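sharing a model that was predicted from the sequence below.
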Amino acid sequence: MTDEPTSNFIRDIIDEDLAAGTHTQIVTRFPPEPNGYLHIGHAFAIKVSHGIARDYKGLFYLRFDDTNPAKEEDEYVQAIKADVQWLGADWGDNLFFTSDYFDKLYEWAIHLINEGLAYVDDLTPEEMRTYRGTLTEPGKNSPYRDRPIKESLDLFQRMKSGEFDEGERVLRAKIDMANPNLNLRDPVLYRILHASHHRTGDKWKIYPSYDFAHGQSDAIEGITHSLCSLEFEFHRPLYNWFIENLPVPSKPRQIEFARLNIEYVITSKRKLLQLVTEGHVRGWDDPRMPTVSGLRRRGYTPEAINEFCHRAGVAKRERVNEYSLLEYCLRQDLEERAFRRMAVLDPVKVVIENFPEDEVEYFEGPNHPAKPELGARKVALTKEIYIERSDFMEDPPKKFFRLGPGREVRLRYACYITCTDFTKNEQGEITEIRATFDPESRGGSTPDGRRVKGTIHWVSATRNTPFEARIYEQLFTKANPEDVEEGQTFVDNLNPNSESIITAYGEPKLSEAKVSERFQFERKGYFAVDPDTNAEKFVFNQAVSLRDSWGKKQKKG
RNA sequence: GGCCUCGUGGUGUAAUGGUAGCACUAAGGAUUCUGAUUCCUUCUGUCGGGGUUCGAAUCCCUGCGAGGCUACCA
């Protein structure tokens, strides 16, 4: 894995800060809102912040940004912790919650009111919108903007004690209603929410907004570089305004970077949730989902995901990565570590005519071709076997290195067979292939040293492990799932063939596989044991296929 | 319409005033009991136009293009 730090604009800024003596130790954080599951985009954000903390020998914190009790749940907190941990981003003892700072934040709100920098506003949400102005027109001051400090103090206190209904009043910063940056047009600091919070219960009736909570939380924790995505760029002046106008213990710096986007993938919590609730996928951890839990179930390793995030790099402009890079990272990792097994996904029977009826002959195959130290397993050869339907052609072209009438191939690890005959049904499908084996070729070569170009995988028709294979394609048919006709949504771009379930046969040893264990099915792809596996059936998910230059050539014609 | 940010091969990223490099993809070849892996080779790039400079991807101006911003979400 190439995991050396790469030069990027954030590291440049940090280098400068370090050189200028602004900081001696770097502290970063990942601040998820516990209102959904983490996806690959979050994995990228984690990688950026955690990677920097690690490379600069600094600290990495995990902080749940839980300022909206209406949306957040403890269930998500637990799932997110598990995902972050699985990804290898260790926060040590530094697990925090913005809700830990509610008292401090309240105190600071009072401070602002006392300074004449905040006021309680009685405008309705609709009125506020009108008063705010537009992108091109300045807003105008609320009639409550200059109410006496004392009055705001009293009202704010009563908001806190639950005297008012939701939406009745808010606390606003007094900044500049004409500022071209809308975030500075007297942003809301506190709103009334009579919802029960997953950690503070019913203690609070008012909750701080993201803007009022985030920077101050960073400051409390001593975060030096608060890394976030591009859309917060416009919030930075406000972020700094709070830091400058409040007696905060440290001065964090917000730096924005571009989110990670991938072709054929959606990374929007809202839309992912929609896929789940509308039943387009079986759940958050459906192997087709780009969630951390979905990728994990699919067979992805944290190493592969981290490598992908590393290779995607950090940038300041929106970009879309090719899906092939993700696949490359997984293959690269699994090529190294996955044990090899044989499995036939689309079987056709071969009868070896000169093989004794009830005999079983065992051959040995290494678990990993480049690592003999990982041992070997035995595969059973019998008179009747299955081979891949695509490994036989009735009338093959010259370059087809597999089985065809009169042609000889090697059964991997076992022996050579030559096709003598075959039968078809009315639909023209091959129903059975007949062949003879060369007893001299046992072990995979013959004394005469003749060359056999093709080697195919196979499984005994009587000694095998049947299983359900789930084969995946992209969840969406378009590289940009949002590319839709008028009146359609991304849901219309769902790929109806994103999952196909087939019955397959694996070599006997596969019966010992454990849930989430990953294998390379030789010549086919990498597969992981799905948690749906039980005493009755084995389920394997195809994580990614092997590269297939032959298949590609075929497609081109 | 306003403000902000950003434009480097097909894609993603380096080069911070001094030979435009790397990776993925694609194409070709070598090796191979996986048409896998590995190894080698090749293709393609600084958005346009001015300017500063001995020298510009880099600095300045301008045009063009892309993205973001009008929640009591984060």
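That came through fine.

gap between the two ends of stretch A:419-430?
By CA to CA, to the nearest Å, the extent of stretch A:419-430 from end to end equals 13 Å.

okay, buried residues for it please.
Neighbour-count burial for stretch A:419-430 flags A:419, A:422 (criterion: 16 or more other CB atoms under 10 Å). (Glycine included, C-beta is placed from N, CA and C.)

please apply the same query to stretch A:283-297.
Residues of stretch A:283-297 classed as buried: A:284-297 (neighbour count, 16+ other CB under 10 Å).

and stretch A:130-139, by the same measure?
Buried positions in stretch A:130-139, judged by neighbour count with 16+ other CB under 10 Å: A:131-133, A:139.

of these, which is the nearest to A:Val348?
A:Arg132 (68.7 Å; CB to CB).

kindly report the residues of the stretch 301-450 of chain A close to RNA strand B.
Applying CB under 7 Å from any atom of the strand, we find that the stretch 301-450 of chain A lies next to RNA strand B at A:311-322, A:324-325, A:328, A:331-332, A:335, A:340, A:368-370, A:399-402, A:410, A:412-414, A:443-445.

give the contact list for the residue of chain A at minimum distance from RNA strand B.
Closest to RNA strand B within chain A is A:Gly444: 1.7 Å, counting by CB to the nearest atom of the strand. Contacts for A:Gly444 (CB atoms under 8 Å, 6 or more residues apart in numbering) come out as A:410, A:412-415.

before we move on, the earlier item: out of the buried residues of stretch A:130-139, which sit inside helices?
In this view, the buried residues of stretch A:130-139 that belong to helices under DSSP state H are A:131-132.

where does the closest residue to A:Pro34 other than its chain neighbours land in three-state SS?
Once flanking residues are discounted, A:Pro34 sits nearest to A:Tyr76: 3.9 Å by CB to CB, 6 or more residues apart in numbering. Here A:Tyr76 is helix, with the state taken from DSSP: H, G, I helix; E, B strand; the rest coil.

thought A:Tyr76 was touching A:Gly36?
Yes: applying CB atoms under 8 Å, one finds A:Tyr76 in contact with A:Gly36, separated by 6.3 Å.

show me which of the residues of the stretch 301-450 of chain A next to RNA strand B are buried.
With neighbours counted by 16+ other CB under 10 Å, these contain buried members at A:312-314, A:321, A:328, A:331, A:340, A:368, A:400-402, A:410, A:412-414, A:444.

identify the farthest-apart pair in those residues.
Using CB to CB, the pair of these lying farthest apart is A:Val314 and A:Ala414, separated by 50.1 Å.

so which of the residues of the stretch 301-450 of chain A next to RNA strand B belong to strands?
Those of these mapping onto strands are A:340, A:410, per DSSP state E.

next, the contact list for the residue nearest to A:Pro34, please.
A:Tyr76 sits next to A:34-37 when contact means CB under 8 Å, 6+ apart.

give me the buried entries from the residues you listed.
Buried subset of the contacts of A:Tyr76 (neighbour count, 16+ other CB under 10 Å): A:34-37.

and chain A, what are its domains?
Chain A breaks down into these domains under automatic domain parsing: A:9-262, A:269-337+A:469-506+A:513-556, A:342-464.

let's have those in JSON lines, adding mean pLDDT.
Shown next, in JSON lines, are the domains of chain A (pLDDT from 0 to 100):
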{"stretch": "domain A:9-262", "mean pLDDT": "96"}
{"stretch": "domain A:269-337+A:469-506+A:513-556", "mean pLDDT": "96"}
{"stretch": "domain A:342-464", "mean pLDDT": "96"}
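
find the nearest non-adjacent residue to the residue of chain A most remote from its centre, please.
With distances taken from the mean C-alpha point of chain A and given as CA atoms, centre = their mean, the most distant residue is A:Asp448, at 52.5 Å. Spatially, and ignoring its direct neighbours in sequence, A:Asp448 is nearest to A:Glu440 (7.8 Å; CB to CB, 6+ apart).

same deal with A:Glu357?
Closest residue to A:Glu357 apart from its sequence neighbours, by CB to CB, 6+ apart: A:Lys383 at 5.9 Å.

same check, this time on A:His42
Residue nearest to A:His42 in three dimensions, not counting chain neighbours: A:Pro32, with 6.6 Å by CB to CB, 6+ apart.

please apply the same query to A:Glu307.
Spatial nearest neighbour of A:Glu307, chain neighbours left out: A:Cys329 (4.5 Å); criterion: CB to CB, 6+ apart.

list the contacts for that neighbour?
For A:Cys329, the contacting residues are A:304-305, A:307-308, A:311, by CB under 8 Å, 6+ apart.

which of these count as buried?
By 16+ other CB under 10 Å, those give A:304-305, A:307-308 as buried.

in TSV, list those residues along with secondary structure.
Converted to TSV, the buried ones among the contacts of A:Cys329 look like this (three-state DSSP):
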residue	secondary structure
A:Ala304	helix
A:Ile305	helix
A:Glu307	helix
A:Phe308	helix
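
pull the most distant pair out of these.
Maximum distance among the buried ones among the contacts of A:Cys329 (CB to CB): 7.3 Å, for A:Ile305 and A:Glu307.

quick one, helices of the stretch 301-450 of chain A?
Remark: helices assigned in the stretch 301-450 of chain A by DSSP state H, counting those that start in this stretch are A:302-312, A:323-337.

report all helices and strands that the shortest one contacts.
Where contact means 3 or more CB pairs under 8 Å, 6 or more residues apart in numbering; DSSP states H and E, helix A:302-312 is packed against helix A:40-55, helix A:323-337.

kindly export that helix (C-alpha atoms) in PDB.
Taking C-alpha atoms only, helix A:302-312 is exported to PDB below (Å, rounded to 0.1, in the frame of the first residue of the first chain):
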ATOM      1  CA  PRO A 302     -10.600  -1.000   5.200                       C
ATOM      2  CA  GLU A 303      -7.100  -1.000   3.600                       C
ATOM      3  CA  ALA A 304      -8.600  -0.900   0.100                       C
ATOM      4  CA  ILE A 305     -11.000   1.900   1.000                       C
ATOM      5  CA  ASN A 306      -8.200   3.900   2.600                       C
ATOM      6  CA  GLU A 307      -5.900   3.400  -0.300                       C
ATOM      7  CA  PHE A 308      -8.700   4.600  -2.600                       C
ATOM      8  CA  CYS A 309      -9.200   7.700  -0.500                       C
ATOM      9  CA  HIS A 310      -5.400   8.300  -0.500                       C
ATOM     10  CA  ARG A 311      -5.200   8.000  -4.300                       C
ATOM     11  CA  ALA A 312      -8.200  10.200  -4.900                       C
END
